[in-house]
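Novice: sharing a model that was predicted from the sequence below.
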Amino acid sequence: MAHRVTLIPGDGIGPEITAAARLVLEASGAPLEWEVVEAGEKVIPEFGTPLPPHVLESIRRNRVALKGPLTTPIGHGFRSVNVALRQELDLYACVRPAQTLPGIKTRYEHVDLIVVRENTEDLYAGIEHKVGKDAAESIKIVTREASTRIVRFAFELARREKRKKVTAVHKANIMKFTDGLFLACAREVAAAYPDIAFEEMIVDAMCMKLVQAPENYDVIVTLNLYGDIISDLAAGLVGGLGVAPGANIGDAAAVFEPVHGSAPKHAGQDKVNPLATILSGVMLLKHLGLNEAAERVFKGVTAVLREGKVLTYDLGGNARTSEMAAAIAAQIA
Ligand code: NAD
């Protein structure tokens, strides 16, 4: 039976990179059926919002989506359209793997880690206000429920992916109540997974150690703000935004998307790197249990990178987005 997947092309470079990913995923032979729905800045004139209800309904119905980046229009109600989508669907776990890929020049070899970021609270809950004219305040929310569920998610992921260690990242030495609660929950959950090593790390030390020896880390689980920063740091270790895939996962739905944004200055030029979206597609296939297809796509990607002939500008080549996708699809075939 085919799996129905919501496909949101998105804004800016979104349509080019999602078309590239679709071509490659179809070449894998995976039984996917696409339901294409438009969201983002481009639908505001028609629907009055970048996130019309039928888009959310489509994702709720299919439970799985592949999404291009959405531009957050300045001064249009939403703090961020992407944050709104994650909150609406309670996509509480943001999963961002960072893995060394062949043929991509970086200072590091053997990086293979996954950042699991809590997606619903912390300073990103958006509870912020001015206090008088010259001060402002933002409230950091941390709950037992969300902390326990994200750490449990990280351990379950570790088990499924046969990972050896989970590192919980915090700043509980300063934020004794909020980060202290997160850390206490992490310790409690860790005790139920004796087969997986558990380690605690203060966020500043984590950043230094990731730069010094990223190969020592496996699954990292952390609060929303630290997770945002650490996952970009991790992307930088393995070649940057062009190769950084991601997923936002909840109990009712999962949305797979590149970490990068809509890069409006490159839109319509068929030049950006499609790998972040293609690798998000690999995560989607695995999520659906289509592991062989996922493996075929991943091998196609690494074969093209190893050959080093058809690469986009950010990887030192001059191939078009569509040429790179076609080369990967040909490898898979
Ligand atoms: P961006 O990630 O869109 O682009 C920053 C720069 O990174 C680009 O100018 C380009 O040089 C490089 N880059 C990004 N993707 C690339 C790719 N695939 N290949 C090669 N180079 C690539 O960040 P921004 O300019 O800060 O944001 C633009 C818009 O995207 C904003 O409206 C922002 O809100 C939105 N955004 C959306 C998402 C999302 O949908 N999940 C994420 C981040 C930003």
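Specialist: Good, I have the coordinates.
Novice: what's the weakest-modelled helix or strand in this protein?
Specialist: Least confident helix or strand, the chain: helix 81-88 with a mean of 88, by mean pLDDT, DSSP states H and E.
Novice: wondering if the next helix or strand after it reaches the ligand at all.
Specialist: Going down the chain from helix 81-88, the next helix or strand is strand 93-99, by DSSP states H and E. No - Strand 93-99 lies apart from the ligand when judged by CB under 6 Å from any ligand atom; the minimum separation is 10.1 Å. Heads up, the C-betas are built off the backbone N, CA and C, glycines and all.
Novice: would you list the strands that strand 93-99 pairs with, along with their directions?
Specialist: Listed by DSSP bridges, the sheet partners of strand 93-99 and their directions read strand 112-118 (antiparallel), strand 245-249 (antiparallel).
Novice: export only the CA atoms of the least confident helix or strand of the chain, formatted as PDB.
Specialist: Provided in PDB are the C-alpha atoms of helix 81-88 (Å, rounded to 0.1, in the frame of the first residue of the first chain):
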ATOM      1  CA  VAL A  81       5.200  30.500  10.700                       C
ATOM      2  CA  ASN A  82       7.400  27.500  11.300                       C
ATOM      3  CA  VAL A  83       7.100  27.700  15.000                       C
ATOM      4  CA  ALA A  84       3.300  28.100  14.600                       C
ATOM      5  CA  LEU A  85       3.200  24.900  12.500                       C
ATOM      6  CA  ARG A  86       5.200  23.000  15.200                       C
ATOM      7  CA  GLN A  87       2.900  24.200  18.000                       C
ATOM      8  CA  GLU A  88      -0.300  23.500  16.100                       C
END
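Novice: circling back to that earlier point, now mean neighbour count too, for the strands paired with strand 93-99, in a markdown table please.
Specialist: Formatted as a markdown table, the entries for the strands paired with strand 93-99 read as follows, by neighbours: other CB atoms under 10 Å:
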| stretch | mean neighbour count |
| --- | --- |
| strand 112-118 | 24 |
| strand 245-249 | 24 |
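Novice: closest one to the ligand among the ones you listed?
Specialist: If you check each of the strands paired with strand 93-99 against the ligand by CB to the nearest ligand atom, strand 245-249 wins as the nearest, at 7.8 Å.
Novice: got a list of contacts for the closest one?
Specialist: When contacts are defined by CB atoms under 8 Å, 6 or more residues apart in numbering, strand 245-249 is touched by residues 85-86, 89, 91-97, 119, 153, 231, 254-259, 275-280, 282-284, 287.
Novice: alpha carbons only: can I get that strand in CSV?
Specialist: Extracted C-alpha coordinates of strand 245-249, given in CSV (Å, rounded to 0.1, in the frame of the first residue of the first chain):
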residue,chain,number,x,y,z
PRO,A,245,18.4,17.7,7.3
GLY,A,246,15.8,17.8,10.0
ALA,A,247,12.5,16.5,11.3
ASN,A,248,9.8,17.8,13.7
ILE,A,249,8.1,14.8,15.2
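Novice: and the helix or strand just after it, does that touch the ligand?
Specialist: Going down the chain from strand 245-249, the next helix or strand is strand 254-258, by DSSP H and E. Yes - in this structure, strand 254-258 sits against the ligand according to CB under 6 Å from any ligand atom; the contacting residues are E257.
Novice: and the contacts of strand 254-258?
Specialist: 17, 59, 63-69, 85-86, 89, 91, 241, 244-249, 276-277, 280-281, 283-284, 287.
Novice: stretch 288-300 too?
Specialist: In contact with stretch 288-300 (CB under 8 Å, 6+ apart) are residues 3, 24-25, 27-31, 64, 278-279, 281-283, 285-286, 328-329, 331-332.
Novice: one more: stretch 95-109?
Specialist: With CB under 8 Å, 6+ apart as the test, stretch 95-109 has contacts from 110-117, 157, 214-215, 231, 234-235, 237-239, 243-249, 259, 279, 283, 301-302, 305-308, 311, 315-316.
Novice: same thing but 6 Å
Specialist: Where contact means CB atoms under 6 Å, 6 or more residues apart in numbering, the residues beyond stretch 95-109 that reach it are 111-116, 214, 231, 234-235, 237-239, 246-247, 302, 305-306, 308.
Novice: can you check stretch 120-135 too?
Specialist: Residues beyond stretch 120-135 that count as contacts (CB under 6 Å, 6+ apart) turn out to be 79, 92, 136-141, 146, 223-225.
Novice: any part of that stretch near the ligand?
Specialist: No - on the criterion CB under 6 Å from any ligand atom, stretch 120-135 is out of touch with the ligand, staying 13.3 Å away.
Novice: in that stretch, which residues are buried?
Specialist: Neighbour-count burial for stretch 120-135 flags 120-125 (criterion: 16 or more other CB atoms under 10 Å).
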